[in-house]
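Visitor: show me how the following folds:
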Amino acid sequence: MQIAVLSGKGGTGKTLLSVNLSYLADNATYVDCDVEEPNGLLYYKLKEKQTEDVKIKIPVINHEECIGCEKCTNFCKFNALAYILDKVRVFKDLCHSCGGCKLVCPTGAISEVDKVVGYVHSGSMFDTKIYSGEMIVGVESGVPIIDNLLKKVEDSDRLVFVDSPPGNGCSVMESIKDADYCLLIAEPTIFGLHNLNMVYKLAKVFDKKIGLVINKYTDNNMINNYAKENNIKIVGTIPMDLELGKLNSEGEIVASNSKYKPIFNDILKTIKKELVL
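Guide: Down below sits the predicted model:
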């Protein structure tokens, strides 16, 4: 069972929520899919971890076999191939590794080589399995890394918490496509309402069951009103609390503190009821 935690921007509390819920759930798995800015391992401080490369395929042109027909350059919609000075040139950073250029080449002049685009770190702490993706700086897309991460948990019998990237782009779509439940987190501000609206619409496009947590909760009712208007269940609130914020900023799992454990326990229990676990 996969629960994807979403927000419309960074810093809203996705990692706070997904780390603490996975910590409290029995035999859970935490997956950090925010591969551009992963920070789950700031909380799950692994003493031992395994790291593996994530690779994609990049075309290589055999110029002796190439007849300059330009079928490959015409096929590529990402402009990763161009016919310049009587040769097909490859722009590696634009390649989406679809393999189509190799398929359409009539002379077999295109082969492929591996390119490392990132890493997957794995380990365990307490009784939680942990996977964290990391994208190499300058790589165009984190989707291959997210795909690699989620393949590791697709047959899991554990409760899986997916710490999604912020926003509503391709990486977010990749992280929620197999989710059974989308847990949205938002702050009670105008900006927070705008970002909540973005991720809510995305989750609806994917026809996902949706719940909402309000972080830094105040008596401002704008998020509550939005949830009521759109029939979104509020599964919990996290208070505006200086001590909680300090513990979180220091990389502490705040649910290990007896003062804050009930907050996340109540959210977890409500989610389980929603999923009939």
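Visitor: next, count neighbours for Ala203.
Guide: Look at Ala203: counted by other Cβ atoms under 10 Å, it has 24 neighbours. C-beta: built from backbone N, CA, C; applies to glycine.
Visitor: look up phi and psi at it.
Guide: Dihedral angles of Ala203 (phi, psi; degrees, to the nearest 10) stand at phi -60, psi -40.
Visitor: again with Glu112
Guide: Backbone torsions for Glu112, taken as degrees, to the nearest 10, come to phi -130, psi 150.
Visitor: low-confidence ranges in the stretch 51-200 of the chain?
Guide: Within the stretch 51-200 of the chain, not a single segment meets pLDDT under 70.
Visitor: try it again with 90
Guide: For the stretch 51-200 of the chain, applying pLDDT under 90 flags the ranges 93, 96, 126, 138-141, 154-157, 170.
Visitor: all strands for it, in order.
Guide: Assigned by DSSP state E, counting those that start in this stretch, the stretch 51-200 of the chain shows strands spanning 81-84, 87-90, 110-125, 128-135, 159-163, 181-186.
Visitor: format these as CSV; extra columns: distance to Leu6 and mean neighbour count.
Guide: Formatted as CSV, these follow (distance: least, Cβ to Cβ, whole Å; neighbours: other Cβ atoms under 10 Å):
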stretch, distance to Leu6, mean neighbour count
strand 81-84, 35, 16
strand 87-90, 35, 16
strand 110-125, 21, 17
strand 128-135, 16, 23
strand 159-163, 9, 27
strand 181-186, 5, 26
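Visitor: reformat these as JSON lines; add distance to Lys9.
Guide: Converted to JSON lines, the strands of the stretch 51-200 of the chain look like this (distance: least, Cβ to Cβ, whole Å):
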{"stretch": "strand 81-84", "distance to Lys9": "35"}
{"stretch": "strand 87-90", "distance to Lys9": "35"}
{"stretch": "strand 110-125", "distance to Lys9": "22"}
{"stretch": "strand 128-135", "distance to Lys9": "18"}
{"stretch": "strand 159-163", "distance to Lys9": "14"}
{"stretch": "strand 181-186", "distance to Lys9": "10"}
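Visitor: and the ones you listed: which comes nearest Leu41?
Guide: When the strands of the stretch 51-200 of the chain are compared by Cβ to Cβ, strand 128-135 sits nearest Leu41, at 5.3 Å.
Visitor: number of nearby residues for the residue lying closest to Cys33 once chain neighbours are set aside?
Guide: In space, and not counting its chain neighbours, Cys33 is closest to Ser175: 4.2 Å by Cβ to Cβ, 6 or more residues apart in numbering. Ser175 sits with 28 neighbouring residues when counted by other Cβ under 10 Å.
Visitor: which residues touch Ser175?
Guide: Neighbour list for Ser175: Ala4, Cys33, Ile146, Leu150, Val162, Ser164, Pro165 [criterion: Cβ atoms under 8 Å, 6 or more residues apart in numbering].
Visitor: again, but for Lys259
Guide: Contacts for Lys259 (Cβ under 8 Å, 6+ apart) come out as Glu243.
Visitor: any idea how far it is from Asp219?
Guide: Lys259 sits at a distance of 21 Å from Asp219 (criterion: Cβ to Cβ, to the nearest Å).
Visitor: which one of the strands of the stretch 51-200 of the chain lies closest to Asn195?
Guide: Of all those, strand 181-186 sits nearest to Asn195, with 6.7 Å by Cβ to Cβ.
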